[in-house]
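Asker: Sequence first, predicted model second:
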Amino acid sequence: MEKKDLRIVYMGTPDFAVESLRRLVEGGYNVVGVITMPDKPVGRHASVLQPSPVKEYAVSQGLRVLQPEKLKAEAFVEELRALEADLQIVVAFRMLPEVVWSMPRLGTFNLHASLLPQYRGAAPINWAVINGDTETGITTFFLKHEIDTGEIIQQVRVPIADTDNVEIVHDKLMRLGGDLVLETVDAILDGSVKPIPQEELVCGEDVLRPAPKIFKDTCRIDWSKGVKPVYDFVRGLSPYPAAWTELCAPDGVRQTLKIYETEKVFASHAMKTGEIRTDGKTCFQVAVEDGFINVLTLQLAGKKRMGVADFLRGYRLWEHHRVE
């Protein structure tokens, strides 16, 4: 079968999923339908409907778009079946019921932003950076009942630099993901795929790290940890959803402070965890057990994101402030 004859249904929602869809379209593959989330109400009164990035791209290319509320709904299942897909591709979408993922004759494969079986779950890129990993990657695998556990088709390894934040790693994996999706489709077409059960990639002493969904409480900085864990935590959530803390003034007033960029300062000191060291001009450092976190970019609640010098010009910060 030629790639122009292979009927593909593509499923995805955020920016991460646009690159792979774009590569398929520009590569001349036959995308017969795109499944994405329903438009999201936005604005003060939720009166404006915002389409997903995948929908915006699909519409710009004249592709057929389906936006089911429920993936098990009989009307949607029939509409999907009518597309007569040979293959389904899932990139950053949602968990599929068996009636959907088992439908195509060649199966359904997913692009996941980790080296499975590590970091199964909704936020693999964030957790790899938060945990201080020096390597991550992308994986294509066939779907089965348990989420992110299907047989692996292909993987690509990607280094994580000590200065990379989650946005940088996301963009690296997004670009490489487009390549890997095309390579996977081609391998399925020519019959060279030899799927590997994930269990075969787990050594006896390996500890599998999960990648659960991130909530606001997840993003609160624990200053009781050392310099490196706090530094990695901040970059693993930067720029979105952003690590945060509470800035506590001597009069008891507390304000939420998001922190986007820091530096590591290893040093011995006698300060208490969370105490602030500052010159009131360009230096904003938070004491932790083995040194200081040098804050570079931040955002006070109700204000815009800014560098530390701009922040200190507008906010009178003294050493008797602290963070918690």
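Answerer: Alright, I've got the coordinates.

Asker: And the strands in the stretch 101-250 of the chain?
Answerer: 108-112, 135-142, 152-159, 243-248 (DSSP state E, counting those that start in this stretch).

Asker: looking at the ones you listed, which is buried most?
Answerer: Mean neighbour count (mean count of other Cβ atoms under 10 Å) peaks for strand 108-112 among the strands of the stretch 101-250 of the chain, with a mean of 25. Placement of C-beta: from N, CA and C, glycine included.

Asker: Compute the inter-axis angle for that one and strand 135-142.
Answerer: 170 degrees (axes from the mean of the first three to the mean of the last three Cα atoms, to 10 degrees).

Asker: How far does strand 108-112 sit from its chain's centre?
Answerer: Relative to its chain's centre, strand 108-112 lies at 15 Å (Cα atoms, centre = their mean, to the nearest Å).

Asker: I'd like to know which elements that strand is packed against.
Answerer: strand 87-91, strand 135-142, helix 166-190 (3 or more Cβ pairs under 8 Å, 6 or more residues apart in numbering; DSSP states H and E).

Asker: Repeat the analysis, applying 10 Å as the threshold.
Answerer: Helices and strands touching strand 108-112, by 3 or more Cβ pairs under 10 Å, 6 or more residues apart in numbering; DSSP states H and E, are strand 7-12, helix 15-26, strand 87-91, helix 98-101, strand 135-142, strand 152-159, helix 166-190.

Asker: now these in JSON lines, with mean pLDDT and distance to Glu205?
Answerer: Shown next, in JSON lines, are the helices and strands packed on strand 108-112 (pLDDT from 0 to 100; distance: least, Cβ to Cβ, whole Å):
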{"stretch": "strand 7-12", "mean pLDDT": "98", "distance to Glu205": "35"}
{"stretch": "helix 15-26", "mean pLDDT": "97", "distance to Glu205": "32"}
{"stretch": "strand 87-91", "mean pLDDT": "98", "distance to Glu205": "31"}
{"stretch": "helix 98-101", "mean pLDDT": "96", "distance to Glu205": "32"}
{"stretch": "strand 135-142", "mean pLDDT": "98", "distance to Glu205": "18"}
{"stretch": "strand 152-159", "mean pLDDT": "97", "distance to Glu205": "20"}
{"stretch": "helix 166-190", "mean pLDDT": "97", "distance to Glu205": "26"}
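
Asker: Nothing else from me, thank you.
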